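Student: Requesting a structural model of the entry that follows:
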Amino acid sequence: MSAFDESGFDVIVVGYGFAGGMAALAAAEAGARVLLLEKNVTPGGISVCSAGGLRVADDAADAFAYLTATCGGKTPAPVLERLAQGMASLEPRVRALAQAAGATVSRRASPANYPLPGYETFGFVYVEAVDGLDLSATYPQVAGAPAGAMLFHTLAHNVAAAPVTVRLGQAVERLSRAADGRVDGVVLATGKAVGAARGVVLACGGFEGNAAMQAQFWPGGPALNAAYAHNTGDGIRMAQAVGADLWHMWHYHGSYGFRATDPAYPFGVRVKRLPDWTPGDPREVPQMAWILVDRDGRRFMNEYEPYVQDTGARPFDRYDPVRQRHARQPAFLVTDAEGLASYPLGKPTFNHPTARLGWSADNGAEVASGLIRRADDVDALAALIGADPAALTDTLAHWNAACAMGEDAFLGRPPSSLKPLMPPFFVAEVWPIVSNTQGGPVHDARQRVLDPFGAPIAGLYAAGELGSAFGHLYMSGGNLAECFIGGEIAGREAAGR
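Tutor: Predicted coordinates for the structure are as follows:
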C-alpha cells in the first residue's frame, strides 16, 4: 500500500471541465467519496469557452454508423458504439441537470458535418439561459460563446450540490501505484500524495498549450493555441508513466488565424467562423471575404471547407524539402476594401485571468496596429508577402475569373462564397490554430486506460479531450458530448470498482 499524506477518498478526478465535472458528479451519485482537483485557480478549462452545443442523436445505430465512418478505422467499434448509445440518451440527462440549476434547454435539428451513413440522426442540445446568471460577473476571465459558459455553469451547479470535494489551484504531477500495480492515488506538484481507494479519472484535457509536444507529434509543427494555456499534456505524461498506450496524437481540432501583434499575448485568433456546410447540400453559404495564398503567392486550399474550424489547419502542414521550410507557414489572407468592411475577420476566445483582446467591427483597429496591412496594387502586395509579382498576378486573375464564372474549378470552394478581389488589397499573415487536441491514452468502452497490449491499467480511467475517440474527422459538438458521456461512464466505473 502506498504511503499518503491524505486519504479518505474513493475516487480522485483530475481536471474540472465538462468531463471532470461529469465524472465527479457520477462517482458521487454512485456513493463514492470524491475529490475533484483542478490545476487552474478557476474551473472550466477549455470547456467554458466552447460553443456549448452537445451532439445528441435520435437513433444509436445511425449514430454508430456515422461515427464508424468518420473515425476511419482508428477507434475500436465498442468504444464508438458506447459513445453512440450515450448520444442517443444524453438529452434527458442534460435536461435533468438544467432543471436542478434553473436553466433552460433547447433541442436544435442539425445533421452531422458530412453526408455519411447516419448523419441525419444528429442534433444539438444547448443551454439557452440560466436563471440569475450574469456571465460577465461570474466568468470575467472568459471570452467565448455564451452557450459554453452557461452549459458549464449548469454542470458546476450540480457538482456544487453533490458531495464532491473541489480543490482549485492543485496541479497533479504523477499517479501513485500500489504494490500490485493498480493506480491508487495522485501526487501533487507540491509533493503531497493523496490516496484514492477505488480509482483515478484523468480528465485534464489535451496538449494545445504545449508547443514542444506538438512539435514531436504534428507534421506541421506547433500551432497557435486558441484559448486556454493550462492544457499542457499533464494527463498524457501521467498515463504514459504507468504504462498507457497512446492514440490519435496527430489529430487536433483546428483552423487558421492570426498571430497577435503583441508578442506576449498567449493565444492565436481564429478567423471569423462562417456557417458550416454539407457536401452535396444545395443551400447557399455566405460570401467569404478572402482567399489564402502560400509563400509563393499561390492558392493552396479551399478556404471554406465544409467544417473549416476542424480541418482548416491541415493544409498548412506541407514542408518544402528543397527550400527547407514550411511552404504555408505563414500563409497570407488576402482581401480588399469591400471585404474588410463586410465583418470582423477575427474572433478572439480565451479563458485566462489577464489576457484580453478584442476585434474591431470594421477591422480598422487591426489595420492601424499593423496586423492587417494595405497594398495599393499587386506589386505592393507581392512585396508584403515576399512573393513573385507575376505569380501573385496570375493567382488573382484566376481567382477573379473563377468568381465571374461562379465556379472554383481549381479547389472547389462553394460557389456562393466566391468574392472577387480588387485593389486596394489588405493582407495578414495566418497560421494554423489549435482549438483542442484529440490524442492521449487509449481507453476502452468503459473508459479504462489500456496498456500497449490492450490490458486495462487497474484503477485508471480517462475521459473527454484526453484520449478522445475521434481519430480521423472531428464532429461538431462531438467532444462536448464525449465529455459528458465518457465522464459519466468513467465516474461510475471508478466508483463501482
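Student: what are the ranges of the strands in the stretch 151-300 of the chain?
Tutor: Assignment of strands within the stretch 151-300 of the chain using DSSP state E, counting those that start in this stretch yields the ranges 164-168, 172-177, 183-188, 193-202, 224-225, 246-247, 252-259, 268-271, 291-293.
Student: average pLDDT for stretch 429-447?
Tutor: Stretch 429-447 shows a mean pLDDT of 98.
Student: start at 309 instead
Tutor: Understood, numbering begins at 309; the last thing we discussed is stretch 737-755.
Student: Tabulate the strands of the stretch 459-608 of the chain in JSON lines, adding columns for mean pLDDT.
Tutor: Listed next are the strands of the stretch 459-608 of the chain as JSON lines, based on pLDDT from 0 to 100:
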{"stretch": "strand 472-476", "mean pLDDT": "98"}
{"stretch": "strand 480-485", "mean pLDDT": "98"}
{"stretch": "strand 491-496", "mean pLDDT": "98"}
{"stretch": "strand 501-510", "mean pLDDT": "98"}
{"stretch": "strand 532-533", "mean pLDDT": "98"}
{"stretch": "strand 554-555", "mean pLDDT": "98"}
{"stretch": "strand 560-567", "mean pLDDT": "97"}
{"stretch": "strand 576-579", "mean pLDDT": "98"}
{"stretch": "strand 599-601", "mean pLDDT": "98"}
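Student: Of all those strands, which one comes closest to residue 347?
Tutor: strand 480-485 (7.2 Å; Cβ to Cβ). Bear in mind the C-beta positions are built from the backbone N, C-alpha and C, glycine included.
Student: Strand partners (parallel or antiparallel) of that closest one?
Tutor: strand 491-496 (antiparallel) (DSSP bridges).
Student: Which of the strands of the stretch 459-608 of the chain sits closest to residue 794?
Tutor: Among these, the nearest to residue 794 by Cβ to Cβ is strand 501-510 (9.6 Å).
Student: how big is the angle separating the closest one from strand 480-485?
Tutor: Orientation check (axes from the mean of the first three to the mean of the last three Cα atoms, to 10 degrees): strand 501-510 against strand 480-485 gives 100 degrees.
Student: Figure out how far strand 501-510 is from the centre of its chain.
Tutor: Taking the mean of its C-alpha atoms, strand 501-510 sits 27 Å from the chain's own mean (Cα atoms, centre = their mean, to the nearest Å).
Student: helix, strand or coil for residue 798?
Tutor: Recorded secondary structure, residue 798: helix (DSSP: H, G, I helix; E, B strand; the rest coil).
Student: sorry, back to before: in a markdown table, list the strands of the stretch 459-608 of the chain along with mean neighbour count.
Tutor: What follows is these, written out as a markdown table (neighbours: other Cβ atoms under 10 Å):
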| stretch | mean neighbour count |
| --- | --- |
| strand 472-476 | 16 |
| strand 480-485 | 20 |
| strand 491-496 | 23 |
| strand 501-510 | 26 |
| strand 532-533 | 24 |
| strand 554-555 | 18 |
| strand 560-567 | 26 |
| strand 576-579 | 25 |
| strand 599-601 | 24 |
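Student: Make CSV from those and add distance to residue 524 to it.
Tutor: Shown next, in CSV, are the strands of the stretch 459-608 of the chain (distance: least, Cβ to Cβ, whole Å):
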stretch, distance to residue 524
strand 472-476, 30
strand 480-485, 20
strand 491-496, 25
strand 501-510, 20
strand 532-533, 16
strand 554-555, 12
strand 560-567, 13
strand 576-579, 20
strand 599-601, 27
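Student: For stretch 327-335, report the contacting residues that lie outside it.
Tutor: With contact meaning Cβ atoms under 8 Å, 6 or more residues apart in numbering, stretch 327-335 is reached by 318-319, 321-322, 324, 342, 344, 346, 351, 353, 355, 460, 463-464, 466-467, 470, 472, 474, 509, 511-512, 769, 771-774, 790-792, 794-800, 802-803.
Student: out of the strands of the stretch 459-608 of the chain, which comes closest to residue 674?
Tutor: When these are compared by Cβ to Cβ, strand 560-567 sits nearest residue 674, at 8.0 Å.
Student: which stretches of the stretch 659-805 of the chain form helices?
Tutor: Per DSSP state H, counting those that start in this stretch, the stretch 659-805 of the chain carries helices over the ranges 672-677, 686-693, 697-713, 786-804.
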